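Student: A predicted structure for the sequence below; I have some questions about it.
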Amino acid sequence: MSKFQFPDSILSRPVYGTLAPRQGKSHLMIADAEGAEAILDLAARDAGLMSNSHIIYIPKGTDFAPKLGALSVAQLYVGPSYEASLPRLRHVLANAHQGLQVYLAGTEGLIGQAQNEAMRAGISPTSIQTEHRGSVARRMQCVHCKGITEDVMHDPFQCAHCGLHLFVRDHYSRRQAAYQGVCVDAEDPGSAPDPVELYS
Amino acid sequence: MNTPPQKSRPGAEQIPVVVSAIVPLNDLVTRFEFCRPDGQEFPPFSGGAHTVVEMRDHDRTRLNPYSLTSDPSDSSIYAISVRRDEQGRGGSLFMHRSVSVGDAMNITYPVNLFSLDLRAKKHLFLAGGIGITPFMSMIAQLERMTGNWELHYSVRNEALGTYVDQLRYKYPNKVHVYYSDQNQRIGLEQLLDGQSLGTHVYVCGPTGMIDQVHGAAAAAGWPEEHTHSEEFLAPQPGKPFEVRLCKSELTIQVGENESLLEAIERSGVDAPYLCRGGACGQCETDVIRADGEFVHRDHWLDDEQHSSGQKIMPCVSRFLGTLELDR
């Protein structure tokens, strides 16, 4: 099962729902890895949705692409990374009309970044549907050097840019689509506790 | 000094004003312009804001909300545009008949329950009749920000097209006028279809028009957050009823032609309010005991709250029977 029940946290922490079919002129679905399962579930609930749907999918080593291909959607793009699919996503949003429904599924990093793009295109954040599936890895920003470290699975972790040992916080920046990581051993360098896997 | 509206007080803070101009716009609508007697500037406001005008009509104090129709960046005047309503409760008739240039009046600080969503890529305005008023200040605000907007304005006939000439002259490519007597209608479905992503639609006009726009936008898959509307309800007359105000230890009678809120105020009790039209939620009052039937008319409480019998909005809603309120 690719669903994970996040424990309650501070208000800053994003919460995710379950994708539900919505009335609309067209549908844009963006997913990575196990996020494909959320789209397959959505298609099972309302197959009629799919003929007007554009799916942007990043497999991240999973093999859901053929199943998505069998949904007979208007367009399916399978990209090597979120960054690689970003020009397509921006093009789709720039040419979209009111009545477009946006569905995001998969890891927090993908959901956050795609939501950011949709918001910039003028969609209210509350009208964008999201569903978390798969890895609980986080996209983290180092508050010291501002560098982003993707797919962080351990707390504390070492910033990929400046090398500081960062505490994984639930404080989230919607603008950066990243959690904020703060130096864990600033007072006494070298005293960082041993990393523990998130939610382990 | 300007102080912001105090929510703990009944209504927004008032500003003493002098009527500086009265300009008839057509047979039904007249613009009233106010300046401050001390020559000071008015506080700034945002497009879509309204003010509540206090009218001393003999022994009766009327408080009616009107959208500000002046340019928000012009702090020398506030203007409202009032449609004469012969069948109304008398506020608009008082404005038309009894107010003269030079009169001193009190109006509240602006309150905005119908503001622009500035995240929008485009603002689509739909006005019906006197519903044009909030859009006058919104358009002025957006023009200074070079905002992207478009107005579709439905009026009864050419003679009653309030501000039509002015709007068409200033913004010939953005203003579309529809005359009902020539069977012209805003083609809602076609208009909403194909609007670019990030468009917000705003509607002000008769109830039927507002409902249609909400319905058409929802059917076309527009998110709720992209559809905005404003409708001030006037309190309707109804059977007199008795109300016990428990906190104030008073029993009052609500007359046929006054609202529950007005009856509470008449008895000397300070009750909170802002819009006096069932929209803002400020006057929400807890019901302690109800023996009879609620006549809910507000846009604030949801259906569940209406049927619960726990709350009432005294600005527009009434009761058939005897009521006890936590006021």
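Tutor: Yes, it's here.
Student: Any regions of the chain where pLDDT drops low?
Tutor: If you meant another chain, say so; for now it's chain A. For chain A, the stretches with pLDDT under 70 are A:1.
Student: try chain B instead
Tutor: Those would be B:1-11, if you go by pLDDT under 70 across chain B.
Student: same thing but at 90, please
Tutor: B:1-13, B:39, B:57-63, B:87-90, B:230-238, B:256-258, B:266-268, B:270, B:273-280, B:299 (pLDDT under 90).
Student: In the helix or strand hosting B:Glu324, which residues are buried?
Tutor: Per DSSP states H and E, B:Glu324 falls inside strand B:318-325. With burial defined by 16 or more other CB atoms under 10 Å in any protein chain shown, the residues of strand B:318-325 counted as buried are B:Arg318, B:Phe319, B:Leu323, B:Glu324, B:Leu325. Glycine gets a C-beta too; all of them are placed from N, C-alpha and C.
Student: ok, the second one touching B:Asp291?
Tutor: No - with the criterion set as CB atoms under 8 Å, B:Phe319 and B:Asp291 do not qualify as a contacting pair; they are 9.3 Å apart.
Student: Please go through the buried residues of strand B:318-325 and note which also touch chain A.
Tutor: With CB under 8 Å from any CB of the partner chain as the criterion, those include none near chain A.
Student: Taking these together, which two end up most distant?
Tutor: B:Arg318 and B:Glu324 (15.1 Å; CB to CB).
Student: Would you confirm that B:Ile132 contacts B:Ser154?
Tutor: No - contact criterion CB under 8 Å: B:Ile132 and B:Ser154 do not qualify, at 9.5 Å.
Student: Tell me which of those two has more neighbours.
Tutor: B:Ile132 (26 against 22; other CB atoms under 10 Å in any protein chain shown).
Student: So the more buried one: helix, strand or coil?
Tutor: At B:Ile132 the chain is in helix, as set by DSSP: H, G, I helix; E, B strand; the rest coil.
Student: Now do it against B:Leu113, distance only.
Tutor: 17 Å (CB to CB, to the nearest Å).
Student: can you check B:His214 too?
Tutor: 16 Å.
Student: ok, now B:Arg119?
Tutor: 18 Å.
Student: So the two - more neighbours on which side?
Tutor: B:Leu113 (19 against 15).
Student: you'd agree that one is up against B:Ala279?
Tutor: Yes - B:Leu113 is within contact range of B:Ala279, at 5.5 Å (criterion: CB under 8 Å).
Student: what's the neighbour count on B:Glu242?
Tutor: Around B:Glu242 there are 16 residues (other CB under 10 Å).
Student: ok, B:Leu323 - contacts?
Tutor: B:Leu323 is in contact with B:Phe241, B:Glu242, B:Val243, B:Arg244, B:Val287, B:Arg289, B:Ala290, B:Asp291, B:Gly292, B:Ile312, counting by CB atoms under 8 Å, 6 or more residues apart in numbering or on different chains.
Student: If it is in a bridge, with which residues?
Tutor: Beta-bridge partners for B:Leu323, by DSSP bridges, are B:Val243, B:Ala290.
Student: Could you do A:His154 as well?
Tutor: Bridge pairing for A:His154 - DSSP bridges - gives A:Glu197.
Student: ok, now the one 4 residues further on?
Tutor: Counting by DSSP bridges, A:Gln158 forms beta bridges with A:His165.
Student: How about whichever residue of chain B sits closest to chain A, nearest residue that isn't a chain neighbour?
Tutor: As assessed by CB to the nearest CB, chain A sits closest to B:Gly198 within chain B, at 1.8 Å. Of all residues not flanking B:Gly198 in the chain, A:Gly122 sits nearest, at 1.8 Å (CB to CB, 6 or more residues apart in numbering or on different chains).
Student: Count the residues that sit near the one you found.
Tutor: 20.
Student: A:Gly190 now?
Tutor: Count around A:Gly190 with other CB under 10 Å applied: 6.
Student: same deal with B:Asp291?
Tutor: Quick note: B:Asp291 (other CB under 10 Å) scores 11 neighbours.
Student: Thank you kindly, that will do.
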